[in-house]
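*Asks:* after the sequence you'll find the predicted model.
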Amino acid sequence: MDCYLIDGGAKLSGTIQVNGSKNAALPILAVSLMTSGRCTFRNVPVIRDLQTQVKILNTLGIESTWHGHEITTRVVDTYNSTAPYELVKTMRAGVCVLGPLLGMRGQATVSLPGGCVIGERPIDLHLKGLAALGAEVTLDQGNIHVKAPRGGLKGATVYLGGKFGSSVLATDNVMCAAVFAKGTTVIECAACEPEVVDLADCLNAMGARIEGAGSPRITIHGVRRLKGVDWTVIPDRIETATFLMAGAITRSPITVAGGRPDHLLAVLDVLRQMGVEVKRSGNRMTVVPCERPKAAELATLPYPAFPTDVQSPILALMSIAQGTSIVTERIYPDRFMAAAEMKRLGANIAVSNGQAVIQGVERLSGAPVMASDLRCGAALVIAALAAQGQTRISRIYHVERGYERFEERLRKLGARIARVAEDAPQSAVAAAEA
Ligand code: EPZ
């Protein structure tokens, strides 16, 4: 398996264009199940998770053609409404076909997602919401079966908050199923993430009647059918934050273009607290680096608070900050695998009970490390860019699930990074630049 080889210390420069949002595109592609019309989805990132989603949809009777960042879909048959375990086990987000299938076809079967390295990934809130609409929910041999009653789903009011607060994909699933329910559905404690808003906006463009997306109360008035859509996915706020961290940690005034600063206010606020200003001009964000960032404290919480997906990347920046930072992970308390690997690079991080205490060090030192999930992998790349010497990051297939041509785009900014075979020599970075 390939790995990244990174010679740290290089200054970055230039501009990087942000891709479309993985976490918006995944549920938005699933709306192709909710219409007999053709759909065109634009600004779709070319990454492993979206390739998996296309395969899942294909097994459900959706034919897709993919040109660059554009996917067109049409329904060719509706015989199968079971999302295959072999695919869903590789990508938990495959569960987002549940609501669209139930709403459109009256039934769906999806394997119960297992856990993953960031923690248990239950779907009890998804099932609570679908049951509130009248669906019969059964569990059989690891598969969840949901079935609408004979008269179809009925609108209802349902509270979707769990012990960790709102749920993004549960909100998506219930919103999609409610589009065709008779009457009105109100989702209380709905997720407010921009990706939920993008999905609602896309559904409304297809003829749905959804109000309040982006607020904790979403109201869905049932309609009979949806037409096809031509939809452009919002920019990826997590990718934007990842590149901003890369600029901050290497003290480089890079510009990240095509993003949505208004989707990143919590991240920009923490960077400001750390002494890293980000100049905004329309959809362009330019890092104003400081000599050495200052420590900060944060807790990850549902949007609009600090996103859990930027927790690992900010740990990398905090590991070289001046002073002691504290990060409390309130969404996935076990999501600190990146900290363990960063300690191999010389970071001083103590993790206990869902909290990391980071004593900033002057400098990290390169070493072999291993990615455990996509955000951990991205964070290790960020740390390696600033580390002295060379870092070898293995299991980079995790990173490639969520970041398109990651090393190529970083290299264009001047990063000394190469994607090489596991046993490639240390000189492979220079060779890749030749
Ligand atoms: C989405 O996952 C994102 N994935 C995740 O990004 C992100 O980390 C997460 O939201 C939180 O922001 C996609 O959008 C494809 P949740 P989702 O349901 O919807 C608990 C990445 O790196 N919960 O909002 O699956 C859950 O365990 C990925 O791109 C229940 O208890 O997350 C967690 O603690 C990783 N019961 C919290 O709620 C449920 O039924 C938030 O989870 C559902 C969730």
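*Replies:* Thanks, I have it.

*Asks:* any idea how far stretch 210-229 is from the chain center?
*Replies:* Distance of stretch 210-229 from the chain centroid (C-alpha atoms, centre = their mean, to the nearest Å) equals 22 Å.

*Asks:* which residues does the residue lying closest to residue 292 once chain neighbours are set aside contact?
*Replies:* Nearest residue to residue 292, sequence neighbours excluded (C-beta to C-beta, 6 or more residues apart in numbering): residue 322, at 5.2 Å. From N, CA and C alone the C-beta is placed, and that goes for glycine too. For residue 322, the contact set (C-beta atoms under 8 Å, 6 or more residues apart in numbering) comprises 292-295, 360.

*Asks:* quick one: residue 322 and residue 290, what's the gap?
*Replies:* Applying C-beta to C-beta, to the nearest Å, the value for residue 322 to residue 290 is 10 Å.

*Asks:* so residue 328 bridges to which residues?
*Replies:* Counting by DSSP bridges, residue 328 is bridged to residue 299, residue 355.

*Asks:* list the residues that contact it.
*Replies:* 298-300, 354-355.

*Asks:* now a ChimeraX select for only the buried ones of those.
*Replies:* A single ChimeraX command selects the buried members of the contacts of residue 328 (16 or more other C-beta atoms under 10 Å):
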select :298,299,300,354
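
*Asks:* could you dump the contacts of residue 328 into CSV with distance to residue 246 and pLDDT added?
*Replies:* Below are the contacts of residue 328 laid out as CSV (distance: C-beta to C-beta, whole Å; pLDDT from 0 to 100):
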residue, distance to residue 246, pLDDT
298, 19, 98
299, 23, 98
300, 20, 98
354, 26, 96
355, 25, 97
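
*Asks:* just give me the neighbour total for the closest residue to residue 129 other than its chain neighbours.
*Replies:* Once flanking residues are discounted, residue 129 sits nearest to residue 174: 3.4 Å by C-beta to C-beta, 6+ apart. Counted with other C-beta atoms under 10 Å, the neighbours of residue 174 add up to 31.

*Asks:* report pLDDT for residue 174.
*Replies:* Predicted confidence (pLDDT) for residue 174: 98.

*Asks:* re earlier: how close does the residue nearest to residue 292 get to the ligand?
*Replies:* Going from residue 322 to the ligand by C-beta to the nearest ligand atom, to the nearest Å gives 29 Å.

*Asks:* dihedrals phi and psi, that residue?
*Replies:* With angles defined as degrees, to the nearest 10, residue 322 sits at phi -90, psi 120.

*Asks:* chain neighbours aside, what residue packs nearest to residue 319?
*Replies:* Sequence neighbours aside, residue 347 is the residue nearest to residue 319 in space, at 3.7 Å (criterion: C-beta to C-beta, 6+ apart).

*Asks:* that neighbour against residue 339, yeah?
*Replies:* Yes. Counting by C-beta atoms under 8 Å, residue 347 does reach residue 339; the two are 7.3 Å apart.

*Asks:* list residues touching both of those two?
*Replies:* The contact sets of residue 347 and residue 339 overlap at residue 315 (C-beta under 8 Å, 6+ apart).

*Asks:* near the ligand, which residues of the stretch 251-400 of the chain are found?
*Replies:* Selection of the stretch 251-400 of the chain residues close to the ligand by C-beta under 6 Å from any ligand atom yields 308-309, 331-332, 374-375.

*Asks:* give me the subset of the residues you listed lying in helices.
*Replies:* In helices, defined here by DSSP state H, the members of those are 374-375.

*Asks:* and the residues of the stretch 251-400 of the chain next to the ligand, which is closest to residue 55?
*Replies:* residue 374 (18.3 Å; C-beta to C-beta).

*Asks:* picking up where we left off before, mind checking what secondary structure the residue nearest to residue 129 has?
*Replies:* helix (DSSP: H, G, I helix; E, B strand; the rest coil).

*Asks:* can you pull the phi/psi pair for the spatially closest residue to residue 383 that is not a sequence neighbour?
*Replies:* Nearest non-adjacent residue to residue 383, counting by C-beta to C-beta, 6+ apart: residue 316, 4.0 Å away. Phi and psi for residue 316, reported as degrees, to the nearest 10, are phi -60, psi -50.

*Asks:* numbering from 6 from now on, please.
*Replies:* That works, and once the first residue is 6, the last one we named lands at residue 321.

*Asks:* ok, residue 321 touching residue 249?
*Replies:* No. Counting by C-beta under 8 Å, residue 321 does not reach residue 249; the two are 11.8 Å apart.

*Asks:* thinking again about what came up before, tell me which two of the contacts of residue 333 sit farthest apart.
*Replies:* So, these by C-beta to C-beta: farthest apart are 303 and 359, at 13.0 Å.

*Asks:* quick check: residue 382 is in a helix.
*Replies:* Yes. Residue 382 forms part of a helix when assessed by three-state DSSP.

*Asks:* neighbours of the closest residue to it other than its chain neighbours, how many?
*Replies:* When the adjacent residues along the chain are set aside, residue 382 lies closest to residue 376, with 3.1 Å between them (C-beta to C-beta, 6+ apart). Neighbourhood size, residue 376 [other C-beta under 10 Å]: 27.

*Asks:* residue 388 is in contact with residue 376, correct?
*Replies:* No. The pair residue 376 / residue 388 is not scored as a contact, 11.6 Å apart, by C-beta under 8 Å.

*Asks:* show me where the stretch 156-305 of the chain has strands.
*Replies:* Ranges of strands within the stretch 156-305 of the chain are 162-164, 189-193, 214-216, 222-226, 234-237, 260-262, 282-286, 289-293, 302-305, based on DSSP state E, counting those that start in this stretch.

*Asks:* could the ones you listed go into a markdown table alongside distance to residue 28?
*Replies:* As requested, the strands of the stretch 156-305 of the chain are exported to a markdown table (distance: least, C-beta to C-beta, whole Å):
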| stretch | distance to residue 28 |
| --- | --- |
| strand 162-164 | 22 |
| strand 189-193 | 18 |
| strand 214-216 | 18 |
| strand 222-226 | 17 |
| strand 234-237 | 15 |
| strand 260-262 | 18 |
| strand 282-286 | 21 |
| strand 289-293 | 19 |
| strand 302-305 | 15 |
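
*Asks:* quick one: closest of these to residue 405.
*Replies:* That would be strand 260-262 among these, by C-beta to C-beta, at 19.8 Å.

*Asks:* which other helices and strands contact the closest one?
*Replies:* With contacts taken as 3 or more C-beta pairs under 8 Å, 6 or more residues apart in numbering; DSSP states H and E, strand 260-262 sits against strand 20-22, helix 242-254, strand 289-293.

*Asks:* for residue 20, give me its contacts.
*Replies:* So residue 20 contacts 259-262, 289 (C-beta under 8 Å, 6+ apart).
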